[in-house]
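Asker: Model the structure of this input:
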Amino acid sequence: MQLQGSRNDAPLNGALPLQQHKVVLVVDLVESVRLMASNEAAVVERWQGFMRFASKCVPEHRGRLVKSLGDGLLAEFDEAADAVQTAMALHSHFIPVNKALHPNEQMHLRAGINASQLYVGEHDVYGHGVNLAARVASLAGPDQIVVTAPVRDALVDGMDGDVEDMGESYLKHWPEPVRTWRVWPVDRVGDGAARSKEALPVQEDLRPSIAVIPFDCHPPSPEHQVVGELIADGVITQLSREGQLRVISRLSTTALRGRQVTMSNIHHLLAASFVLSGSYSVVGGKVVINAELSDTRRNDVVWADRVIGTVDDLLQMESQLIHQLTDASTQALMSCTIRRAMVLPVPHLDSNALLLGGIAMMHRSTARDLDRSRELLDAVTNRHARVATPWAWMAKWHILNVIQGRSDDAPTEFRRAIDISDRALDLEPHSSLALAIKGHLLCHLGVDLDKSRELLLLATEVNPNDHNAWLYAGFWSTMWGDPTDAVRESERALELSPLDPQRFFIEMLVAHSYLTANELSKSIEMCKQSLRRNRYYLATLRILLTAQYEVGHIQDAKDTLHTLLALQPNLTLAGFLSYGHQSPLRKRVATAMQALGVK
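Answerer: Have a look, this model is predicted:
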């Protein structure tokens with residue numbers, strides 16, 4: 001196939017065309033000479049039909065059909081992915097045609113694609129890059145596409161196509177070897193087909209997964225393009241720091257910027273259950289961000305909002321805009337996952353929904369919620385028997401079952417919980433969650449207190465950002481240690497979890513530390529704050545009535561006891577003291593309850 005009019009030099013009868021970076025697609029008909037000799041009229045008729053198809057197909061993929069080459073065509077594009085998709089669509093044209101033809105009459109295409117600086121005229125394109133596209137087309141077999149390095153670098157392997165390295169080739173009339181790649185459709189099947197590109201989730205990580213796609217600038221502006229990168233970078237960094245979600249790599253999500261990709265494709269490519277994306281506008285120093293969180297598995301919009309701030313804010317280490325986006329989207333994602341866990345049958349739930357639902361419902365405190373929590377945790381431990389995290393939370397479930405007064409034999413249940421936490425530590429010795437829960441159990445029992453403290457401090461060292469580690473360390477100090485340490489460690493846990501769905505539980509333990517430090521007014525206020533989030537949590541009510549009694553608000557303490565007894569009518573002093581070793585704080589609570597009439 002000769003590329004007449006696409007020589008290195010531009011036409012001499014006018015001004016030199018503008019030079020632009022373009023992607024060139026050259027397509028030609030395999031064995032065209034043989035086919036023409038066999039049945040020229042039929043081949044011409046079929047080729048004309050193909051060109052009518054191509055004249056529509058190329059513009060539909062944002063390209064320009066430059067010209068027909070007799071037994072081929074030349075098209076130019078701005079984007080490599082559009083050129084590849086066009087070539088695949090052109091190949092597909094002859095599939096139904098060939099089904100009705102003898103193998104010797106079938107028509108097949110081959111395609112070459114190159115990207116370079118070209119002189120782009122009204123009716124033609126000029127430059128070495130066009131000739132190179134034709135040369136690499138000669139390397140392609142029937143129904144194949146071959147691309148050069150600049151095109152390969154612009155493609156996303158597994159999304160734009162399945163890329164196969166061909167190595168270096170020496171081309172006719174080309175001064176040096178050229179590195180080329182074949183590009184196959186990603187859904188190709190059959191002998192030699194590419195492997196599936198679906199990313200497999202990390203089975204050991206049961207956190208929900210999220211991909212943050214760089215935000216698009218509206219209207220498009222090269223000057224403000226970097227703002228979208230700043231938003232994505234900031235959100236990914238903040239989400240990774242908080243650790244509640246599995247965050248897909250920035251290098252993987254950047255490739256999707258500006259592309260029209262369906263939610264199901266993103267789920268297939270990145271194994272991300274949720275996607276945070278959106279657009280922004282820059283006016284002066286202000287930036288307006290429209291963000292959207294979507295569930296890729298159900299193609300649902302979970303949350304959407306608009307936030308306004310300054311471009312300068314995005315450059316700060318503690319950007320308010322980034323915090324707004326991450327806090328709101330994380331809370332929406334967690335709420336969505338937990339809602340599903342509340343209503344769907346267990347077999348229909350993802351593992352992360354089972355785990356998050358189990359955690360959320362164990363802290364809701366009613367008997368029904370605790371039973372549902374146990375069902376969800378049983379399911380996730382059965383699915384992932386060799387993963388530490390579900391076992392650690394199962395141990396925590398037994399603690400709460402005792403604290404809520406549901407256990408007939410608290411010491412035995414605590415020891416059962418210790419066995420489960422030991423199983424979690426066998427699976428993952430450096431799990432900060434398992435270390436913290438094991439230490440918390442020993443603290444409750446009042447046995448091996450030095451070991452308990454050692455485990456809790458180790459948990460804070462393994463993961464200084466694990467609020468559970470700090471929370472349980474604070475509880476140890478509340479029960480057995482220094483009141484100053486109790487307040488410091490508990491408040492540290494509160495700082496690390498501003499939007500935690502179980503924040504009431506954290507506030508309850510902070511109230512414990514204030515009571516130990518004899519900061520009674522602060523303890524009362526923190527208890528009330530916790531009860532506004534969860535009015536059924538018995539430990540909060542016990543601490544509140546104790547602080548009210550000790551500060552002299554006897555009627556308030558009696559009212560709180562009345563609420564407590566309505567939730568736990570079988571409460572007795574002996575039963576309460578059986579929850580664990582009689583620490584100084586537990587004795588203070590027992591004294592207050594006894595003074596208020598508990599037998």
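
Asker: Go ahead and confirm residue 521 touches residue 551.
Answerer: Yes: counting by Cβ atoms under 8 Å, residue 521 touches residue 551, with 7.0 Å between them. (Glycine included, C-beta is placed from N, CA and C.)

Asker: More neighbours: these two, which one.
Answerer: Set side by side, residue 521 and residue 551 show more neighbours around residue 551, with 15 against 10, by other Cβ atoms under 10 Å.

Asker: Give me the nearest residue to the more buried one, chain neighbours excluded.
Answerer: Spatially, and ignoring its direct neighbours in sequence, residue 551 is nearest to residue 520 (4.4 Å; Cβ to Cβ, 6 or more residues apart in numbering).

Asker: What count of nearby residues applies to that neighbour?
Answerer: Residues near residue 520, counting by other Cβ under 10 Å: 18.

Asker: Next, the contact list for it, please.
Answerer: 514, 547, 550-551 (Cβ atoms under 8 Å, 6 or more residues apart in numbering).

Asker: Please tell me how far it sits from residue 546.
Answerer: The gap separating residue 520 from residue 546 is 9 Å, by Cβ to Cβ, to the nearest Å.

Asker: Check residue 562 too.
Answerer: Distance from residue 562 to residue 546, by Cβ to Cβ: 15 Å.

Asker: Compare the two (neighbour count), which wins?
Answerer: Set residue 562 next to residue 546 and count neighbours by other Cβ under 10 Å: residue 546 wins out with 28 against 12.

Asker: The more buried one: what's it in contact with?
Answerer: Residue 546 sits in contact with 515, 557, 588-589, 592-593, where contact means Cβ under 8 Å, 6+ apart.

Asker: Need the pLDDT of residue 11.
Answerer: Reported pLDDT at residue 11 in the predicted model: 51.

Asker: Residue 230 now?
Answerer: Reported pLDDT for residue 230: 87.

Asker: Just give the nearest non-adjacent residue to it, would you?
Answerer: residue 314 (4.5 Å).

Asker: contacting residues around the one you found?
Answerer: 227, 230-231, 234, 287, 321-322 are the contacts of residue 314 under Cβ under 8 Å, 6+ apart.

Asker: which stretches of the stretch 251-400 of the chain aren't confidently modelled?
Answerer: Applying pLDDT under 70 to the stretch 251-400 of the chain flags residues 251, 255, 257-259, 365.

Asker: same deal with the chain?
Answerer: In the chain, residues with pLDDT under 70: 1-14, 187-204, 251, 255, 257-259, 365, 498-499, 501, 579-580.

Asker: Does anything pack onto the top helix by length along it? Which helices or strands?
Answerer: Assignment by DSSP state H gives helix 32-60 as the longest helix of the chain. Helix 32-60 sits against strand 63-68, strand 72-77, helix 80-99, with contacts defined as 3 or more Cβ pairs under 8 Å, 6 or more residues apart in numbering; DSSP states H and E.

Asker: Tell me what angle it forms with strand 72-77.
Answerer: Helix 32-60 and strand 72-77 are oriented at 20 degrees to each other (axes from the mean of the first three to the mean of the last three Cα atoms, to 10 degrees).

Asker: For helix 32-60, buried residues please.
Answerer: 32, 35-36, 43, 46-47, 50, 54, 57-58 (16 or more other Cβ atoms under 10 Å).

Asker: That helix to strand 63-68, inter-axis angle?
Answerer: 150 degrees.

Asker: Is it correct that residue 210 is in contact with residue 253?
Answerer: No: under the criterion of Cβ under 8 Å, residue 210 makes no contact with residue 253, lying 9.7 Å away.

Asker: still on that earlier bit, from the contacts of residue 314, keep the buried residues only.
Answerer: Buried among the contacts of residue 314 (16+ other Cβ under 10 Å): 227, 230-231, 234, 287, 321-322.

Asker: Among those residues, which are located in strands?
Answerer: residue 287 (DSSP state E).

Asker: want to throw the buried ones among the contacts of residue 314 into CSV with distance to residue 571?
Answerer: Formatted as CSV, the buried ones among the contacts of residue 314 follow (distance: Cβ to Cβ, whole Å):
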residue, distance to residue 571
227, 58
230, 55
231, 52
234, 49
287, 56
321, 49
322, 47
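
Asker: that older thread, return the subset of the contacts of residue 314 lying in helices.
Answerer: Filtering those for helices - DSSP H - leaves 227, 230-231, 234, 321-322.

Asker: Specify which member of those residues is nearest to residue 505.
Answerer: Comparing the ones in helices among the contacts of residue 314 against residue 505 with Cβ to Cβ places residue 322 closest, at 26.9 Å.

Asker: All the helices of the stretch 301-450 of the chain, residue numbers only.
Answerer: Ranges of helices in the stretch 301-450 of the chain, per DSSP state H, counting those that start in this stretch, are 311-314, 320-343, 351-362, 367-383, 388-403, 410-427, 432-445, 449-462.

Asker: what's the answer for the stretch 451-599 of the chain, then?
Answerer: 467-480, 483-495, 503-516, 520-533, 538-551, 554-567, 573-577, 584-595.

Asker: Pick out the residue closest to the middle of this structure.
Answerer: Centroid-nearest residue in the chain, with Cα atoms, centre = their mean: residue 210, separated by 1.2 Å.

Asker: mind checking the SS state of that residue?
Answerer: Secondary structure, DSSP: H, G, I helix; E, B strand; the rest coil: residue 210 is strand.

Asker: Leaving aside the residues adjacent along the chain, what's closest to it?
Answerer: residue 274 (4.5 Å).

Asker: what's the burial count for the one you found?
Answerer: 27.

Asker: CA atoms only: put stretch 70-83 into CSV for me.
Answerer: Extracted in CSV, the C-alpha atoms of stretch 70-83 (Å, rounded to 0.1, in the frame of the first residue of the first chain):
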residue,chain,number,x,y,z
GLY,A,70,-7.6,2.1,-2.6
ASP,A,71,-7.0,-1.0,-0.5
GLY,A,72,-6.7,0.8,2.8
LEU,A,73,-7.4,4.0,4.7
LEU,A,74,-5.7,6.7,6.7
ALA,A,75,-7.2,8.3,9.8
GLU,A,76,-5.9,10.7,12.5
PHE,A,77,-6.9,11.1,16.1
ASP,A,78,-6.0,13.1,19.2
GLU,A,79,-6.0,10.1,21.5
ALA,A,80,-4.3,6.7,21.2
ALA,A,81,-7.2,4.9,22.8
ASP,A,82,-9.6,6.3,20.2
ALA,A,83,-7.4,5.0,17.4
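
Asker: quick one: contacts of that stretch?
Answerer: 1, 3, 6, 22-29, 32, 36, 47, 51, 54, 58, 61-67, 86, 113, 115, 118, 120, 125, 130, 147, 150-151, 154-156, 160, 259.

Asker: Same question for it: list its buried residues.
Answerer: 71-77, 79-83.

Asker: How many neighbouring residues does the residue lying closest to residue 216 once chain neighbours are set aside have?
Answerer: Spatial nearest neighbour of residue 216, excluding adjacent residues (Cβ to Cβ, 6+ apart): residue 279 at 4.7 Å. Residues lying near residue 279 (other Cβ under 10 Å) number 15.

Asker: Give me the angle between the helix or strand that contains residue 279 and helix 320-343.
Answerer: Here residue 279 sits within strand 274-283, counting by DSSP states H and E. Here strand 274-283 points in a direction 150 degrees away from that of helix 320-343 (the same axes, to 10 degrees).

Asker: tell me which residues of strand 274-283 are tucked away?
Answerer: By 16+ other Cβ under 10 Å, the buried positions in strand 274-283 come out as 274-278, 280-282.

Asker: Pretty sure the residue nearest to residue 216 sits against residue 218.
Answerer: Yes: in this structure, residue 279 is within contact of residue 218 by Cβ under 8 Å, at 4.6 Å.

Asker: Spit out the contact partners of the closest residue to residue 504 other than its chain neighbours.
Answerer: If the residues on either side of it in the chain are set aside, residue 504 comes closest to residue 533, at 3.6 Å by Cβ to Cβ, 6+ apart. Listed by Cβ under 8 Å, 6+ apart, the contact partners of residue 533 are 503-504, 507.
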